[in-house]
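Trainee: How does the following fold in three dimensions:
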Amino acid sequence: MHMNWFKMSRSVFDSDLWHDVSTFRLFMILIGKATHQEETRFWGMRLRKGQYIRSYEKLCEDLVYKVGRGNQEYSKNTIYKCVQKLIKAGRVTVRETEFGTLFTVLNYEKYQEPQQYAKKFAGNKGNGGERDREPREKYIKKAIKANKAKDQKIRRKQVFDMCSVPYSLAVYFYEQIKQNNPEHREPDLQKWADEIRKMLEIDKRTEEQIKYLMGWVQQDDFEMMNVLSPVKLRERFDALVMRVKYENRKVMLRRKESAGQYDYTF
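Mentor: Below you'll find the predicted structure:
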């Protein structure tokens, strides 16, 4: 179920965060956009509750604000400084991934779970209630330690469906290799599929480009012995594209020569 709200403790009005507009806005967007589900997927990564992936460039766009009739955008340096303030205050941790920066809101459940508020303020007196007796520094250290412990857990590997594009291309490549070597040992197709996923999602290759090169390398006398996995294909992708263009150019020139049309320009 999609959650269209998030909670925030009133203690924020008494914190330094309240007086730092840019850092406050950044924290609001991180806690508001963080996943509220126990576990969700983002480009193959598994995100836990309270986590959000976003690049610094996109955060600059997210935090655009109006000045008169125009818009003003924070610089990446400003966003970076705000993030460092949140880290120092024990409000978030960050980790760089291949998909962007992974932000983890510390104590996310204490912000968002109603029962946490009920427990904390049960028996409090007066309008504002008593402050938490636990020293703030100790509280922060415990939160950071707990978050690190979660990050150290081994993440389950993504399992690709047999009908998915990455897995289908992995099978296709294996079949092309077997045409040249029927005794070739069957690889871990799930690992192959994950490498192909990286080509598609990170390198921005198209399915058609990848499939074409998979077939081409296994028809080339030299490359068929050197490119025997998606890892190698990804590593040499640009060089292979240049070779394909070069070979196609030579074929075209030979055809022109045989037809009496000489063209030696390159």
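Trainee: Would you map the helices across the stretch 151-266 of the chain?
Mentor: Assigned by DSSP state H, counting those that start in this stretch, the helices in the stretch 151-266 of the chain fall at 165-180, 189-201, 207-217, 230-235, 237-258.
Trainee: Looking at those helices, spot the one closest to Gln51.
Mentor: Closest approach to Gln51 among these (CB to CB): helix 189-201, 18.7 Å. (Each C-beta comes from the backbone N, C-alpha and C, glycine too.)
Trainee: ok, now which ones touch Met199?
Mentor: 205, 210, 230, 233-234, 237 (CB atoms under 8 Å, 6 or more residues apart in numbering).
Trainee: same thing but at 10 Å, please
Mentor: 166, 169, 205-207, 209-210, 213, 230, 233-234, 237 (CB atoms under 10 Å, 6 or more residues apart in numbering).
Trainee: Ok, Asp221 next?
Mentor: Applying CB under 10 Å, 6+ apart, no residues contact Asp221.
Trainee: swap in the one 3 residues further on?
Mentor: When the contact criterion is CB under 10 Å, 6+ apart, the partners of Met224 are 176-177, 179-181, 216-218.
Trainee: Neighbour count, distance to Met28 and pLDDT for these - can I get that in CSV?
Mentor: As requested, the contacts of Met224 are exported to CSV (neighbours: other CB atoms under 10 Å; distance: CB to CB, whole Å; pLDDT from 0 to 100):
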residue, neighbour count, distance to Met28, pLDDT
Gln176, 17, 52, 95
Ile177, 19, 52, 95
Gln179, 12, 57, 93
Asn180, 12, 58, 92
Asn181, 12, 58, 93
Trp216, 18, 51, 94
Val217, 24, 50, 94
Gln218, 20, 53, 94
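Trainee: tell me the SS of Phe103?
Mentor: Classification of Phe103 by DSSP: H, G, I helix; E, B strand; the rest coil places it in strand.
Trainee: State the pLDDT value of it.
Mentor: Note on Phe103: pLDDT of 93.
Trainee: mind pulling up the phi and psi values for the closest residue to Ser55 other than its chain neighbours?
Mentor: Using CB to CB, 6 or more residues apart in numbering and skipping the chain neighbours, the partner closest in space to Ser55 is Gly100 (4.4 Å). Backbone geometry at Gly100, expressed as degrees, to the nearest 10, gives phi 140, psi -170.
Trainee: Any idea what Gly100 is bridged to?
Mentor: Thr97 (DSSP bridges).
Trainee: got the contact list for it?
Mentor: Gly100 neighbours (CB under 10 Å, 6+ apart): 42-43, 45, 52-59.
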